[in-house]
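# when you get a sec, could you give me coordinates for this:
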Amino acid sequence: MKITSYKTKDFGYIVIDNLFPDNELNDIWNELTHLDSIMNLQSVKNRRRQDAALDLFSGDGLTLDNVYMNRDYSSILKYNRKLWSDEIIEAFCSAHPSNVHYSLCNLDSTFINRYRDSQEYKSHRDVASFTSSTVFVKGDVAGGEFIFSEYDIEIECKNNQCVVFPSWALHAVKEVKTKEGARYSMAMFSSQTLGAKK
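Below you'll find the predicted structure:
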């Protein structure tokens, strides 16, 4: 795992390369394969697009917390706890003074988004305090870069790479180009709520 910190004039963010080791990544891919069949259901497609606003999001996906009654049944929901490891908290909080509240987050939800050919997520802001977006790439995929729309910042579409940033920052995913591949993202939204537990 490699963490790199960046700072704009308004906020700081980090990029984490190789967030998950091979054994965890293998479990995540097995789960994503299973989740594909759920995301293919028309009712799930309709619901995710309502959640994300149809005019902004053209991919498929689901709210992972609604799939499992127990977090331990999901490799993704178990392994994404590492985003609150001491190393990541320290790096993100050091990137900008306003990120100090990340360590106080005690409530989160996880979305899995899937982008196939010609799909994208236009510029938007998330309703949370902080967002982390981890990319998983299947097959040959072009495009799909993550961008901070107001800051001329573009981050390549790279497998097993995570960006952690304040949710108010306007961001987007550029159009994906692929014949049979897909770009998946694990989007985790974190906030602070009294009495809640991570």
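# helices of this protein, residue ranges please.
For the chain, the helices defined by DSSP state H cover 22-39, 42-52, 75-79, 86-95.
# and these: which comes nearest residue 140?
Closest approach to residue 140 among the helices of the chain (Cβ to Cβ): helix 22-39, 16.2 Å. C-betas here are computed from N, CA, C, even on glycine.
# give me the contacts around the closest one.
20, 44-45, 48, 60-62, 64, 67, 74-76, 79, 112, 114, 136, 138, 160, 184 (Cβ atoms under 8 Å, 6 or more residues apart in numbering).
# follow-up on the earlier one: of all the helices of the chain, which one comes closest to residue 10?
helix 86-95 (12.0 Å).
# ok, and for that closest one, which residues are buried?
For helix 86-95, the neighbour count (16 or more other Cβ atoms under 10 Å) marks 88, 89, 91, 92, 93, 95 as buried.
# the first one contacts residue 82, doesn't it?
Yes: Residue 88 lies in contact with residue 82 (Cβ atoms under 8 Å); the separation is 7.1 Å.
# quick one: low-confidence parts of this structure?
Applying pLDDT under 70 to the chain picks out residues 49, 51-54, 194-198.
# hmm, 50 instead?
196, 198 (pLDDT under 50).
# so where do the strands sit in it?
Ranges of strands within the chain are 2-7, 12-17, 60-63, 107-115, 121-124, 130-138, 142-143, 146-148, 153-155, 161-166, 171-173, 176-177, 182-191, based on DSSP state E.
# now do the first one against helix 86-95, angle only.
Between strand 2-7 and helix 86-95, the angle formed by their directions is 20 degrees, by axes from the mean of the first three to the mean of the last three Cα atoms, to 10 degrees.
# adjacent strands (with direction) for strand 2-7?
Paired with strand 2-7 in the same sheet, following DSSP bridges, are strand 12-17 (antiparallel).
# buried sites along the strand it pairs with?
For strand 12-17, the neighbour count (16+ other Cβ under 10 Å) marks 12, 13, 14, 15, 16 as buried.
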